[in-house]
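Trainee: coords below, sequence missing:
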Ligand code: CMC
């Protein structure tokens, strides 16, 4: 009998120079740099550049990337029209998947010979940058559309992360310049409530720096994680010499599942179910009796804790203090300590990022699309790496169906 590795667990399928996950030392390196160092010091644009090019950008390279990113920030009319064809009750991951399909069809229009679909390395770098630049508008518009709010135009004076927040929340997330001296008062404000306003013009305010910082860190932490399910999906598609956008669409489908990226949304559903820290024990008793998986815990590779959690937990703690929401921290800590004590299974990145995104004001359904907006950098780095040293990914299977048999004149509707 063939030795089958279910779920490819423990199987090394290829080499990569994009990132290194080391469960022994609990470290994650992007192109050699520890992810927590990148999250603490770099704008997300620099992290994206690093993943695509292998080195951090110099000032000129960063400025050039930022110029290109700003040029492509606005939601194209036809992409918006395609999104608007979908019911507002469609899952936002389906919306993002559809939008990337439309962006890809626009980008590759005119390529009628399938042999040309794959494109050159330089074409694919530029496609990666443009796709990354357009996704915030897709995600932001999705949330606004579901809330019955108008599209907000991008702002050229803001970097990637601040502009992403601006396009999602507009003035709701801004600290007006005149209020700068009242930071303490701002820090005592409650979580921004969903607004029904439809403001779409730039104001003198800038997105709250505390939120921008936490959001930037989350984008960096989500950007890349070696051969996870969605990245592997992207590489499988790329290995057929299909186009970059098809590979990203497939990756989005893989990321949607709650065992992978959908877990950050699922964590908030769990928090909503439990309600308060005092309910953790009876909730967990019932959940484990039902053999439920507890979302936001466990990992295929890390068995002693996810290397990204401490950085995201610190960002969550900052938001908890900023919005004065100790109840969120109490529930977080109570579920973590009770579950770890019972099962010895530790939180993964989705556990702190879920409540962090909720405190920032994102709808629960928007969390996994945020993961897409970040991970598109890692996916496209891997797609280009796959293309550069390609071998069609085509594994074998062990057949366990019926032995050979024959029709012998059988006809269903005789
Ligand atoms: N809750 C309850 N039990 C768990 C959990 C969990 N979250 N995770 C693992 N286990 C148990 C599992 O039931 C099994 O027990 P037993 O041996 O008694 O059957 C054992 O631990 C091994 O679990 P597994 O599912 O075979 O391990 P895996 O390496 O295939 O699973 C995982 C990894 C992420 C699918 C799993 O831990 C899980 O389902 N976690 C919840 C979903 C989640 O948070 N996913 C996000 C993953 S990290 C971010 C990302 O990649 O997007």
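Mentor: Alright, I've got the coordinates. In this text the structure is predicted, and so the values were computed from the model without any measurement.
Trainee: Isn't residue 350 up against residue 268?
Mentor: No - the criterion here is Cβ atoms under 8 Å, and residue 350 misses it with residue 268 at 9.7 Å. Every C-beta, even on glycine, is put in place using the N, C-alpha and C of the backbone.
Trainee: the more surrounded of the two?
Mentor: A count of neighbours by other Cβ atoms under 10 Å puts residue 350 above the other of residue 350 and residue 268, at 30 against 21.
Trainee: gap between the more buried one and residue 261?
Mentor: The gap separating residue 350 from residue 261 is 8 Å, by Cβ to Cβ, to the nearest Å.
Trainee: Which stretches in the stretch 51-200 of the chain count as strands?
Mentor: For the stretch 51-200 of the chain, applying DSSP state E, counting those that start in this stretch gives strands covering 174-175.
Trainee: Tell me, please, where in it the pLDDT is lower than the cut-off.
Mentor: Scanning the stretch 51-200 of the chain for pLDDT under 70 picks out 176-200.
Trainee: Over in it, which residue gets nearest the ligand? Let me know.
Mentor: residue 93 (12.8 Å; Cβ to the nearest ligand atom).
Trainee: distance of residue 9 from residue 225?
Mentor: Going from residue 9 to residue 225 by Cβ to Cβ gives 16 Å.
Trainee: which of the two has more neighbours?
Mentor: Just comparing residue 9 and residue 225: by other Cβ under 10 Å the higher neighbour count belongs to residue 225, 24 against 8.
Trainee: Quick check: the more buried one is in a strand.
Mentor: No - going by DSSP: H, G, I helix; E, B strand; the rest coil, the assignment for residue 225 is coil, not a strand.
Trainee: Near the ligand, which residues of the stretch 101-250 of the chain are found?
Mentor: Within reach of the ligand by Cβ under 6 Å from any ligand atom, the stretch 101-250 of the chain has these residues: residue 228.
Trainee: Just the closest residue of the stretch 101-250 of the chain to the ligand, please.
Mentor: Closest contact between the stretch 101-250 of the chain and the ligand, by Cβ to the nearest ligand atom, is at residue 228 (5.1 Å).
Trainee: pLDDT score for the nearest residue to that residue once chain neighbours are set aside?
Mentor: Nearest residue to residue 228, sequence neighbours excluded (Cβ to Cβ, 6 or more residues apart in numbering): residue 260, at 6.8 Å. Model confidence at residue 260, given as pLDDT, is 96.
Trainee: Then residue 414?
Mentor: Reported pLDDT for residue 414: 74.
Trainee: Ok, residue 304 next?
Mentor: Residue 304 is assigned a predicted lDDT (pLDDT) of 86.
Trainee: With residue 26 as the reference, measure out to it.
Mentor: 6 Å.
Trainee: And for residue 141?
Mentor: 38 Å.
Trainee: Can you name the residue of the stretch 151-300 of the chain nearest the ligand?
Mentor: For the stretch 151-300 of the chain, Cβ to the nearest ligand atom, closest residue to the ligand: residue 298, 2.1 Å.
Trainee: I'd assumed residue 345 was in contact with that residue.
Mentor: Yes - at 4.8 Å, residue 298 counts as touching residue 345 under the criterion of Cβ under 8 Å.
Trainee: Between these two, which is the more surrounded one?
Mentor: residue 298 (19 against 15).
Trainee: Then residue 342 would be within a helix, right?
Mentor: Yes - with three-state DSSP as the criterion, residue 342 is located in a helix.
Trainee: Am I right that it is in contact with residue 284?
Mentor: Yes - Residue 342 is within contact range of residue 284, at 7.2 Å (criterion: Cβ under 8 Å).
Trainee: Neighbour count: these two, which is higher?
Mentor: Between residue 342 and residue 284, residue 284 has the larger neighbour count (other Cβ under 10 Å), namely 19 against 13.
Trainee: which residues touch that one?
Mentor: Contact analysis of residue 284 by Cβ atoms under 8 Å, 6 or more residues apart in numbering lists 294, 335, 338-339, 342.
Trainee: secondary structure element for it?
Mentor: Using DSSP states H and E, residue 284 maps to helix 280-289.
Trainee: can you tell me which residues contact residue 247?
Mentor: Residue 247 neighbours (Cβ under 8 Å, 6+ apart): 233-235, 237-238, 379, 383.
Trainee: now whichever strand or helix holds it, how far from the centre of its chain.
Mentor: Per DSSP H and E, residue 247 falls inside helix 244-256. When distances are taken as Cα atoms, centre = their mean, to the nearest Å, helix 244-256 is centred 12 Å away from the chain's centroid.
Trainee: what's downstream of it, the next helix or strand?
Mentor: Once the chain leaves helix 244-256, the next helix or strand it forms, by DSSP H and E, is helix 263-274.
Trainee: Any chance you could list what contacts that next one?
Mentor: Counting by Cβ under 8 Å, 6+ apart, 258, 280, 283, 294-296, 331, 335, 348-351, 353-355, 357-358, 364-365, 367-368, 370-371 sit against helix 263-274.
Trainee: Is the ligand within reach of that helix?
Mentor: Yes - using Cβ under 6 Å from any ligand atom, helix 263-274 reaches the ligand at residue 263.
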